[in-house]
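Colleague: I'd like to go over a predicted model; first the sequence, then the structure.
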Amino acid sequence: MTEPVVSLTNAGLRYGDKRILQDLTFEMNPGDIVTVIGPNGAGKTSLIKLMLGIESPTEGRAERRRGARIGYVPQNLSLQPTLPLTVNRFLRLATSEHRQIARALERTGVGHLRQASVHYLSGGEFQRVLLARAILRNPDLLVLDEPAQGLDVNGQTALYELIREIRDELNCAVLTVSHDLHLVMASTDTVLCLNGHICCRGQPEQISRDPAFVNLFGERLAQTLAVYHHHHNHSHDL
Ligand SMILES: Nc1ncnc2c1ncn2[C@@H]1O[C@H](COP(=O)(O)OP(=O)(O)OP(=O)(O)O)[C@@H](O)[C@H]1O
């Protein structure tokens, strides 16, 4: 059996007196696509911090496989607007390997933007540049915090398809945080429903019938989502 890329065992997190996360036990293995959903303040970003090792659990354990490489696409990244910065130079902050940069940009469909200014990219283009940056070193775990924010429906679908293709090629584990439940239901293998603790988890169809999910998101939404899960066998251009 292969060792999980990252695992949490009864992990909890407190900030001072405030308990943010408790009793989290789950692991990510190569090829897994897991999406974390939950209301505002549920601890989704805090969970990512535990997985990335930015925060240490105040209870239980968080472990990463020795030598595991992690690629991270942040929720938002503000770049100093007065600083001239091309896409190429932005990625060179992460690696000096020209070939890696070219390959990653081609892979995410924005090879033609290499000399463009990062300040003039559209939301969808910038997300793809961030994704290229995250896959520069062939990560074992790709973590994306609301990657489809601000994209239109076609852009979101295309981005999720791209993430799935990258998973197939790199055989990495993918952990995503998303607020868009419809998209989640259509594009992930496993949903982890978080509200300080793991309320429920499983395949999208299964989850949408789980009482804990219905309780958290409401009957009507759960019913719409139950019929939403389907497989994409076609692609959408940006
Ligand atoms: N460094 C910190 N110190 C104290 N409290 C914090 C800290 N970081 C987060 N929190 C609190 O932890 C809780 C969970 O925050 P977190 O950002 O993980 O939630 P989230 O599910 O990502 O929320 P959202 O969907 O709104 O982005 C919030 O109540 C937040 O105020």
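Modeller: That came in fine, so what should we check first?
Colleague: and the protein, which residues reach the ligand?
Modeller: Residues of the chain lying near the ligand by C-beta under 6 Å from any ligand atom: Tyr15, Lys18, Ile20, Gly38, Asn40, Gly41, Ala42, Gly43, Lys44, Thr45, Ser46. Any C-beta I mention is one placed from the backbone N, CA and C, and that applies to glycine too.
Colleague: where in the protein is pLDDT low?
Modeller: By pLDDT under 70, the low-scoring segments of the chain are 1, 223-238.
Colleague: Repeat the analysis, applying 90 as the threshold.
Modeller: Scanning the chain for pLDDT under 90 picks out the ranges 1-3, 38-40, 74-84, 95-96, 123-124, 137, 146-160, 178-189, 203-238.
Colleague: re the thing from before, now secondary structure too, for the residues of the chain next to the ligand, in a markdown table please.
Modeller: Formatted as a markdown table, the residues of the chain next to the ligand follow (DSSP: H, G, I helix; E, B strand; the rest coil):
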| residue | secondary structure |
| --- | --- |
| Tyr15 | strand |
| Lys18 | strand |
| Ile20 | strand |
| Gly38 | coil |
| Asn40 | coil |
| Gly41 | coil |
| Ala42 | coil |
| Gly43 | coil |
| Lys44 | helix |
| Thr45 | helix |
| Ser46 | helix |
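Colleague: of all these, which comes closest to Gly71?
Modeller: The closest of the residues of the chain next to the ligand to Gly71 turns out to be Thr45 (C-beta to C-beta; 16.9 Å).
Colleague: residues touching the closest one, list them.
Modeller: Thr45 is in contact with Gln75, Asp145, Val177, counting by C-beta atoms under 8 Å, 6 or more residues apart in numbering.
Colleague: So which of the residues you listed are in helices?
Modeller: In helices, defined here by DSSP state H, there are no members of the contacts of Thr45.
Colleague: what about Gln206, distance to the ligand?
Modeller: Distance, Gln206 to the ligand, by C-beta to the nearest ligand atom, to the nearest Å: 22 Å.
Colleague: So which elements touch the helix or strand where that residue lies?
Modeller: Using DSSP states H and E, Gln206 falls within helix 204-207. The criterion is 3 or more C-beta pairs under 8 Å, 6 or more residues apart in numbering; DSSP states H and E, and the helices and strands that helix 204-207 contacts are helix 181-187, strand 190-194.
Colleague: Give the other helices and strands that the longest one contacts.
Modeller: Judged by 3+ C-beta pairs under 8 Å, 6+ apart, the packing partners of helix 181-187 are strand 33-37, helix 153-170, helix 204-207, helix 219-226.
Colleague: now the last one
Modeller: Strand 190-194 is packed against strand 33-37, strand 198-202, helix 204-207, helix 211-217, with contacts defined by 3+ C-beta pairs under 8 Å, 6+ apart.
Colleague: buried set for stretch 201-216?
Modeller: For stretch 201-216, a neighbour-count test (16 or more other C-beta atoms under 10 Å) marks Arg201, Gly202, Pro204, Ile207, Ser208, Asp210, Phe213, Val214, Leu216 as buried.
Colleague: tally of neighbours for Arg164?
Modeller: 16 (other C-beta atoms under 10 Å).
Colleague: Please tell me how far it sits from Gln75.
Modeller: According to C-beta to C-beta, to the nearest Å, Arg164 and Gln75 sit 20 Å apart.
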